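[1] build me a model:
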Amino acid sequence: MLYFFKRGEHMPELGQFLKEKREFSGLSLKKLSSVTGISDSELLKIENGTRKKPGWEHLCKIAKALNFHPFEILLNAGYISENDIHPPLLISGLETLNEHSSIQFNYSLILSKLRKKTV
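    Next up, the predicted model:
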């Protein structure tokens, strides 16, 4: 089961999300507990919402065991944001470069070589 969300659209509640992922994978709470090393009672607390803010370490173990990217669960739990996953500017400072900058010269040189290779 894959979830695709537009920016600003919220994922389902964390516990519901994890339960659906676990059930889709065909794992019982006991089996997931065995794979992750997290007690089945702790997993149940996460799934039923009584554990409001599970640790990110547990969430990453669960994601790995259920074979999906940890970003998906960390975003859902509020540990990271869309900007952490997709920063608005990957290389900072480019807006301040000018034609006299040695960095700009090197950047332009690299781009021109890359363009020649793709032609």
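[2] avg pLDDT for the helix or strand that contains L59?
    Using DSSP states H and E, L59 sits in helix 56-65. Helix 56-65 carries an average pLDDT of 95.
[3] can you give the contact residues for that helix?
    With contacts defined as Cβ atoms under 8 Å, 6 or more residues apart in numbering, helix 56-65 is touched by 18, 27, 32, 35-38, 42-43, 46, 69-70, 72-74, 77, 79. Just so you know, the C-beta spots here come from the backbone N, C-alpha and C atoms, and that holds for glycine as well.
[4] change it to 10 Å
    With Cβ atoms under 10 Å, 6 or more residues apart in numbering as the test, helix 56-65 has contacts from 14, 18, 21-22, 25, 27, 31-38, 42-43, 46-47, 51, 54-55, 68-74, 76-77, 79-80.
[5] got it, and stretch 31-49?
    Outside stretch 31-49, the residues that touch it by Cβ under 10 Å, 6+ apart are 13-23, 25, 27-30, 50-55, 57-66, 77.
[6] now the buried members of those residues.
    Neighbour counting by 16 or more other Cβ atoms under 10 Å classes 14-15, 17-19, 21-22, 27, 29, 51, 54, 58-63, 65-66, 77 among the contacts of stretch 31-49 as buried.
[7] pull the CA atoms of the longest helix anywhere in the chain into CSV?
    Determined from DSSP state H, the single longest helix within the chain is helix 102-118. Only the C-alpha atoms of helix 102-118 are listed here, as CSV (Å, rounded to 0.1, in the frame of the first residue of the first chain):
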residue,chain,number,x,y,z
SER,A,102,35.9,32.3,-8.8
ILE,A,103,33.1,30.0,-7.6
GLN,A,104,30.9,31.3,-10.4
PHE,A,105,33.7,30.7,-12.9
ASN,A,106,34.2,27.1,-11.7
TYR,A,107,30.5,26.4,-11.6
SER,A,108,30.1,27.7,-15.2
LEU,A,109,33.1,25.7,-16.3
ILE,A,110,31.6,22.5,-14.9
LEU,A,111,28.2,23.2,-16.4
SER,A,112,29.8,23.8,-19.8
LYS,A,113,31.7,20.5,-19.6
LEU,A,114,28.6,18.6,-18.6
ARG,A,115,26.6,20.1,-21.5
LYS,A,116,29.3,19.1,-24.0
LYS,A,117,29.1,15.5,-22.7
THR,A,118,25.3,15.3,-23.1
